[in-house]
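Enquirer: Can you look at this prediction? I've put the sequence above it.
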Amino acid sequence: MFDLHNNQWPLHAPHHLTVPETTVDFNLSVSASRYPDKNAICYYGGAVTYAELDRQVSRLAAYLQKCLDVKKADRVLLYMQNSPQFIIGYYAILRAGGVVIPANPMNAAAELEHLAADTGATLALAAQELLPRIEPLLNENRLTNLIVASYSEYADMDFDLPLPDEVRLPAMGVSENKHIIPWAEAVSFDGALDPVKVSPDDLACIPYSSGTTGAPKGCVHTHRTVMTTAVGGVTWIPQSADNPTLVSLPMFHVTGMQNSMNGSIYVGTTMVVATRWDRATAAHLIEKYAVSRWVAISTMVIDLLNDPDIQSYDLSSLDIVSGGGAPMPEAVALRLEKITGQSYLEGYGLSETMAATHINPLGHGKKQCLGIPVFDVDCRILSIDGKSLLGPNEEGEIITHAPQVFKGYWNNPEATEQAFITIEGKAFFKTGDIGYYDSEGFFFLVDRVKRMINAAGFKVWPAEVESLMHKHPAINEVVIVGKPDARRGETVKALVSLRKGHDAEPLTPEDIIAWCHDNMAAYKCPKSVEFVDALPKSATGKVLWKDIQARERQRLELR
């Protein structure tokens, strides 16, 4: 067991975390019993108490069971932006005995089709503004029913801050399609909920994490693995019912899901939910609701601090500003400390670990650092050739054995087998990230074994984008690389060779980019396209993407 970091351990935290032997949705029942009249959610002037949240979750869960025949372990897509309905839907799926399949709201039809086909999900809870993207799956019989939510039903249209366009959409009425069900109908169901016997080791959530094989892979998580980081997060960084949290990270992603939603419900605090990121709105919400905890990626912090009116907001209620996803530039961290008095507390985790395995200790963390392994996490550095464990300041692949590590990739035993290595009789997950630890046991990220592009905290996997772009009739070959960007870290760039015969219909880079926006999530789309006659290849015919990537970085250095 790696223990070099024990001298850095927070004084308030136990070295071993005993996780409750309960399910995730039980946490809501407990908080509703403890704090029935406390606001669980504040949403653009609207509010939902813990008692009402629990009641709506039970009603929706009963509807899923009685009207849509959801049974234990059935997978259900949850396709929404941050909203009260996301929280209600998430917990209702679990309470009905189902498994949550969180879908990125930026996903297009082809990506949604893969999620439904891979998991066998036939039901989705979707937001009104996303209906045009997911309705084709209903028409193609991939899905049998859609419950459609309108954010405006939970917001105050006269709220004193600007509302996102999606929130202003009037509530959807009854659809001519009987398989499209209005949210209000589902949450007003008064039938009895059938108890479902679910154990901590039953399935709870399958977030999707793309890999180098091109197709996104489902990370299988149980109630126990979800509980581990939800409880661990509020133990490592203490949170109570009196610590309102700003929910600006997307809840479909494990960081927002765990640190902003599940952890908050576990302790019974108020979640101040924002559907879309807007720096002025975020600052006003912090001031209005005396937010004390904000989990954010570095680009959100940078954007907030760049607001010319930043000094006019009262941000003094903030006690914790934490996050990860991309390193926080030191200059920005110093500005944050100057304006708010708070250091940015960085951590590290993956979809496969249901959020954090490493977090900096409160009070003596290090900048641009992943932190130290948290409760019961055994983390090592493995040589790139996979043959030996390395010591301090030696760079290799980060591997992790921990109670929050996923149970494997859904329906993909080959990828699961490749993701683990057995050392000292324990299964370690191979993260694909290159890093090292220093003499005090703090871990640092250096590079990535996998071809991941980190675009402002969004993980983009080149093979997946390439696979989607190959559907374009004019594209012969394509390779995706990361283009260094001063603000976003990296942006996506495509090198494309065109099929012969398309010369009569000249295409521009802008044409390719526009097509991509019609066929995939915006954050995956290339920001630049370069046409080439042919892609460089090795003697075995493999595209030399590493050479292309190195050339892009060299171009930046020559500027």
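Expert: Perfect, I can see it now.
Enquirer: quick one, what contacts residue 339?
Expert: 305, 310-311, 315 (CB atoms under 8 Å, 6 or more residues apart in numbering). (C-beta placed from N, C-alpha, C; glycine too.)
Enquirer: Next secondary structure after whichever strand or helix holds it?
Expert: Using DSSP states H and E, residue 339 falls within helix 330-340. Per DSSP H and E, the first helix or strand lying C-terminal to helix 330-340 is strand 344-350.
Enquirer: Off-centre distance for that following strand?
Expert: 13 Å (CA atoms, centre = their mean, to the nearest Å).
Enquirer: Can you show me the strands along the stretch 101-250 of the chain?
Expert: 123-127, 145-149, 180-182, 203-205, 208-209, 217-218, 221-222, 245-247 (DSSP state E, counting those that start in this stretch).
Enquirer: The first one packs against which elements?
Expert: Read it as strand 123-127. strand 75-79, helix 84-95, helix 131-139, strand 145-149 (3 or more CB pairs under 8 Å, 6 or more residues apart in numbering; DSSP states H and E).
Enquirer: Show me the contact partners of that strand.
Expert: 64, 68, 70, 74, 76-81, 83, 85, 89, 93, 103, 105, 116, 134, 137, 143-151, 166.
Enquirer: Would you map the helices across the stretch 351-500 of the chain?
Expert: Secondary structure of the stretch 351-500 of the chain, counting by DSSP state H, counting those that start in this stretch: helices at 413-418, 462-469.
Enquirer: Of the ones you listed, which shows the lowest average pLDDT?
Expert: Sorting the helices of the stretch 351-500 of the chain by mean pLDDT places helix 462-469 lowest, at a mean of 83.
Enquirer: low pLDDT regions in the chain?
Expert: 210-214, 326, 447-450, 502-505, 538-542, 556-559 (pLDDT under 70).
Enquirer: what's the single longest helix in it?
Expert: As assigned by DSSP state H, the longest helix anywhere in the chain is helix 50-68.
Enquirer: which residues are contacting that helix?
Expert: With CB under 8 Å, 6+ apart, helix 50-68 has contacts from 25, 28-29, 31-32, 34-41, 48, 70-71, 76, 84, 87-89, 91-93, 95-98, 123, 145, 186-194, 268.
Enquirer: one step back: turn the helices and strands packed on strand 123-127 into a markdown table, including distance to residue 284 and mean neighbour count.
Expert: Putting the helices and strands packed on strand 123-127 into a markdown table (distance: least, CB to CB, whole Å; neighbours: other CB atoms under 10 Å) gives the following:
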| stretch | distance to residue 284 | mean neighbour count |
| --- | --- | --- |
| strand 75-79 | 28 | 24 |
| helix 84-95 | 19 | 28 |
| helix 131-139 | 30 | 17 |
| strand 145-149 | 25 | 24 |
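Enquirer: Format the ones you listed as TSV; extra columns: distance to residue 162.
Expert: Shown next, in TSV, are the helices and strands packed on strand 123-127 (distance: least, CB to CB, whole Å):
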stretch	distance to residue 162
strand 75-79	25
helix 84-95	19
helix 131-139	24
strand 145-149	21
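Enquirer: contacting residues for residue 479?
Expert: Counted by CB under 8 Å, 6+ apart, residue 479 has contacts 462, 466, 494-495, 535, 543, 545, 548.
Enquirer: from these, which is closest to residue 180?
Expert: residue 466 (34.2 Å; CB to CB).
Enquirer: what's the spacing between that closest one and residue 519?
Expert: Counting by CB to CB, to the nearest Å, the separation of residue 466 from residue 519 is 13 Å.
Enquirer: just to revisit the earlier point, how about the helices and strands packed on strand 123-127, which one is nearest residue 511?
Expert: Residue 511 lies closest to helix 131-139 among these, at 21.6 Å (CB to CB).
Enquirer: Please enumerate residues in contact with the closest one?
Expert: 77, 79, 107-109, 112-113, 116, 124, 126, 143-146, 148, 177, 179-180.
Enquirer: ok, back up a step: report the buried members of the contacts of helix 50-68.
Expert: 25, 28-29, 31-32, 35, 38-41, 48, 70, 76, 84, 87-89, 91-93, 95-98, 123, 145, 186-187, 189, 193, 268 (16 or more other CB atoms under 10 Å).
Enquirer: so what's residue 494 bridging to?
Expert: Counting by DSSP bridges, residue 494 is bridged to residue 480, residue 529.
Enquirer: how many other residues sit next to it?
Expert: Counted with other CB atoms under 10 Å, the neighbours of residue 494 add up to 25.
Enquirer: Please verify my assumption that it contacts residue 532.
Expert: No. Taking CB atoms under 8 Å as the definition, residue 494 is not a contact partner of residue 532, at 10.2 Å.
Enquirer: circling back to that earlier point, with respect to burial, which of the helices of the stretch 351-500 of the chain scores highest?
Expert: helix 462-469 (a mean of 21; mean count of other CB atoms under 10 Å).
Enquirer: Output it as CSV, restricted to C-alpha atoms.
Expert: Provided in CSV are the C-alpha atoms of helix 462-469 (Å, rounded to 0.1, in the frame of the first residue of the first chain):
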residue,chain,number,x,y,z
PRO,A,462,-9.5,11.5,-31.4
ALA,A,463,-10.5,8.0,-32.5
GLU,A,464,-14.2,8.7,-31.7
VAL,A,465,-14.1,12.0,-33.7
GLU,A,466,-12.3,10.4,-36.6
SER,A,467,-14.9,7.6,-36.6
LEU,A,468,-17.8,10.1,-36.8
MET,A,469,-16.0,12.3,-39.4
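Enquirer: Show residues contacting that helix.
Expert: 110, 210-216, 451, 453, 475, 478-481, 492, 494, 496, 512, 516, 519-520, 524-526, 545.
Enquirer: same question, stretch 278-295
Expert: Contacts of stretch 278-295 (CB under 8 Å, 6+ apart): 42, 161-162, 164, 237, 239, 242-246, 248-249, 255-256, 259-260, 269-270, 272, 274, 300, 303-304, 306-307, 309-310, 313-315, 317-323.
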